[in-house]
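> Fold the following, please.
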Amino acid sequence: MPSAFVVLLGPDGAGKSSVMAEIARSRPDWRCVSTDGALLGPEYRLIAQLRHNVVDDVLPALGRDYSHDFLAGLLQTAVIHLRDQIAAADGGAGPGDGRPVVMDSYYYKILAKCRLAGVSDPMVAWWRGFPQPDRVLYLDGDPRSCWKRSGRGARLNPLEYSGARPTWPAFDAYQRRLRELMLEEVAALPVTRIAVRDGVKRTARAVMAALDSQAAPATDQDPQAAPAGRDAPCTPEALAS
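Okay, here's the model as predicted:
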């Protein structure tokens, strides 16, 4: 494992990709790991291409030309890539350089979405045996704000809302259930909730403050809004307030 391993998790539209890009620019002392094309090196262009194929080719034809199990098989390539980056940071094959790692979502979000899609393949359960992070930073975005960031549904894909059309009720219902399942998956880990601020830079500063406190006890409170509490697992009920 790297010297520190932190996962940045949150709902669709919370701004994780933008925050990760800001951390990559501002904090070279942390290694940012993601399947987002902007943070992937050219040696991983296959991962970026598969991601585009999922969005452009598979999701529009899901349930017609492609099954949910087929989709899960493609998503697993991203999950294994992320796991391999942790192995690399521990001195295995790959670009490990000793820096602490902050990772976008890890397998938690994909697994939660597979559960929402009804996928029960054993390979999905296998992901839970992967190395676990020291801490999860949960970027807690208000669903209405996330909806606005999506262009009021214009930029959503079928894995971001329920039903046939990206309406506000369909997005809200899906995201609320997604939040419950993601928090369920990380319930045994220390979780720090970080409220999404107005503006990427303000949110990124809050996340970076949490990264700086990695050596301190974790808490289920926003590091810039409340004093730290004891190190304890965080539950969905704890974050519901």
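> which residues does the closest residue to Arg179 other than its chain neighbours contact?
Spatial nearest neighbour of Arg179, chain neighbours left out: Pro11 (5.8 Å); criterion: CB to CB, 6 or more residues apart in numbering. (Glycine included, C-beta is placed from N, CA and C.) The contact partners of Pro11, taken as CB atoms under 8 Å, 6 or more residues apart in numbering, are Leu139, Gly141, Pro143, Cys146, Gln175, Leu178, Arg179, Met182.
> name the element Pro28 belongs to?
Under the criterion DSSP states H and E, no helix or strand holds Pro28.
> how far away is it from Pro42?
19 Å (CB to CB, to the nearest Å).
> same question, Leu9
Distance from Leu9 to Pro42, by CB to CB: 27 Å.
> One more: Asp212?
Distance from Asp212 to Pro42, counting by CB to CB: 31 Å.
> How about Asp142?
Separation of Asp142 from Pro42 (CB to CB): 37 Å.
> picking up where we left off before, more neighbours: Leu9 and Pro42, which one.
More neighbours surround Leu9 than the other of Leu9 and Pro42, with 26 against 6 (other CB atoms under 10 Å).
> give the contact list for the more buried one.
Lys16, Ser105, Tyr106, Tyr108, Lys109, Val136, Leu137, Tyr138, Leu139, Met182, Val186 are the contacts of Leu9 under CB under 8 Å, 6+ apart.
> what are the phi and psi values for it?
For Leu9, the backbone dihedrals (degrees, to the nearest 10) come out as phi -120, psi 160.
> quick one: pLDDT of it?
pLDDT, Leu9: 98.
> Same question for Ala215.
pLDDT at Ala215 comes out at 47.
> Just the buried residues of the helix or strand hosting Asp84, please?
Assigned by DSSP H and E, Asp84 belongs to helix 68-89. For helix 68-89, a neighbour-count test (16 or more other CB atoms under 10 Å) marks 71-72, 75-76, 78-79, 81-83, 85-86, 88-89 as buried.
> where's the dip in pLDDT among these?
Ala89 (78).
> follow-up on the earlier one: which of the buried residues of helix 68-89 sits closest to Pro158?
The nearest member of those to Pro158, counting by CB to CB, is Leu71 at 9.9 Å.
> Alright, calling it a day.
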